[in-house]
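**Student:** build me a model from this:
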Amino acid sequence: MNGRYVHQIDPILFDIGGVHLWWYGLGFALGFLEILLFLKRDHDRLHLSLQEAWRLTLFIVVGVLIGGRLVEVVFDEWPFYREHLGLIPAYWLGGMASHGLLVGGTVSVGLFAFFYRKSFLDLADILVIPVAFLMGLGRLGNFIDGQIVGSVTDVWWAVKFPDTDGFRHPVVLYDGLKNLILMLYLLRARRENVTPGAIAARFVFWYAFPRFFIDLFRDYPTHRLALGTGQTLNIAMTLLGAALLYRSRLRRLGRLAGSRTITQPPPPTQDAAPRVVQRVTFAGLLTFCLTIPSNWTQDIPSRYGSRHPGLEYSWLYPMIDTAPASPPTDTAAPDQFGRH
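**Tutor:** Predicted coordinates for the structure are as follows:
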């Protein structure tokens with residue numbers, strides 16, 4: 001047991017007027033800021049004005065927050081939220097699904113591309129790089145929170161997580177490292193392959209395929225096809241990514257009907273500075289992200305009181321019980337450490 005890490009990290013950055021700001025939420029805020037910086041740097045190549053770069057970032061932030069929350073509520077915690085509909089908007093109690101973040105972000109970029117007549121593939125090829133960074137930071141936030149634990153192990157790097165027995169695989173760090181390596185890989189691939197959609201296809205495949213094997217070390221309840229929650233989504237994303245890679249290969253070889261060929265670049269987009277309302281809205285959304293504590297809905301004072309003394313119940317942080325009542329005997333009960 002000597003040398004192994006016992007997790008005792010305080011997950012709260014600081015408190016303001018009874019509102020808690022969290023390391024987990026900081027990961028989202030920094031990730032969204034990175035997306036904005038990427039778009040500002042490449043806005044000329046994407047034929048975006050600075051105003052449009054800010055507008056697209058706002059689309060993404062809203063889409064990610066809605067998508068992550070919707071998938072968590074509907075697919076992962078519906079037995080709880082069915083009885084507590086009024087808590088669905090309570091992001092400050094936790095509850096964000098990583099696959100939902102990706103779906104929400106993709107839909108928001110698609111809507112922006114449709115309404116503003118931009119190339120979805122060009123936007124996606126740029127955005128998946130900071131998105132991989134965001135997902136990596138999110139996993140670090142999960143670790144600080146003490147969620148998403150692995151199976152019991154005796155390896156020297158095992159971690160004793162709060163609220164769990166024994167030393168376990170820090171699978172959340174495995175996945176976070178995978179996401180950061182993926183970001184570096186995409187940066188290199190972007191320099192070598194300019195085929196529209198090629199970088200986005202690589203992201204979809206290489207996000208999901210290694211994660212399937214990482215999640216084999218995870219302490220998962222089983223729900224879908226006797227696989228861990230999220231494993232079926234990993235399989236679906238892997239198959240989709242393989243199909244997109246094949247399609248990208250055909251496009252690169254010019255064999256795909258309707259492949260885009262550009263004979264001359266589009267006219268430059270007239271630049272325009274971001275509006276004050278865009279800056280204020282973005283700052284407000286980043287601040288709101290800081291209030292998100294974890295990817296699973298929590299009784300905040302009960303769960304975190306031992307690591308952050310002084311937590312008290314209030315109208316913002318009520319006493320709640322997210323454990324399902326009397327689960328079927330052939331289905332493992334969801335645990336409190338998150339699903340995605």
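**Student:** give me the residue at the spatial middle of the chain.
**Tutor:** Nearest to the mean C-alpha position of the chain, by C-alpha atoms, centre = their mean, lies Ser98 at 4.1 Å.
**Student:** helices of the stretch 1-150 of the chain, start to end?
**Tutor:** Under the criterion DSSP state H, counting those that start in this stretch, the stretch 1-150 of the chain contains helices at 23-41, 50-71, 78-81, 98-116, 120-145.
**Student:** kindly reformat those as a markdown table containing mean pLDDT and distance to Asp321.
**Tutor:** To be clear about C-beta, it is placed using only N, CA and C from the backbone, and glycine gets the same treatment. Formatted as a markdown table, the helices of the stretch 1-150 of the chain follow (pLDDT from 0 to 100; distance: least, C-beta to C-beta, whole Å):
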| stretch | mean pLDDT | distance to Asp321 |
| --- | --- | --- |
| helix 23-41 | 95 | 21 |
| helix 50-71 | 96 | 20 |
| helix 78-81 | 94 | 8 |
| helix 98-116 | 94 | 23 |
| helix 120-145 | 94 | 19 |
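**Student:** okay, strands next: where are they in the chain?
**Tutor:** For the chain, strands defined by DSSP state E occupy the ranges 5-6, 12-16, 19-22, 159-160, 222-224, 227-228.
**Student:** in stretch 74-86, what's buried?
**Tutor:** Phe75, Asp76, Glu77, Phe80, Tyr81, His84 (16 or more other C-beta atoms under 10 Å).
**Student:** actually stretch 121-131, not the one I wrote
**Tutor:** For stretch 121-131, by 16+ other C-beta under 10 Å, it's Leu121, Asp122, Leu123, Ala124, Asp125, Ile126, Leu127, Val128, Ile129, Pro130, Val131.
**Student:** and the residues you listed, which is closest to Val107?
**Tutor:** Closest to Val107 out of these is Ala124 (11.9 Å), distances taken as C-beta to C-beta.
**Student:** that closest one and Arg190, how far apart?
**Tutor:** Remark: distance between Ala124 and Arg190 (C-beta to C-beta, to the nearest Å) = 12 Å.
**Student:** overlap of the contact sets of those two?
**Tutor:** Common contact partners of Ala124 and Arg190 (C-beta atoms under 8 Å, 6 or more residues apart in numbering): Ile199.
**Student:** circling back to that earlier point, could you dump the helices of the stretch 1-150 of the chain into TSV and include distance to Leu239?
**Tutor:** Output for these, formatted as TSV (distance: least, C-beta to C-beta, whole Å):
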stretch	distance to Leu239
helix 23-41	26
helix 50-71	19
helix 78-81	26
helix 98-116	14
helix 120-145	18
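**Student:** for Leu182, find the nearest of these.
**Tutor:** Of all the helices of the stretch 1-150 of the chain, helix 120-145 sits nearest to Leu182, with 4.6 Å by C-beta to C-beta.
**Student:** check contacts around the nearest residue to Gly138 once chain neighbours are set aside.
**Tutor:** Using C-beta to C-beta, 6 or more residues apart in numbering and skipping residues adjacent in sequence, the residue nearest Gly138 is Gly27, 4.8 Å away. Contacts for Gly27 (C-beta under 8 Å, 6+ apart) come out as Leu134, Leu137, Gly138, Leu140, Gly141.
**Student:** thank you, goodbye.
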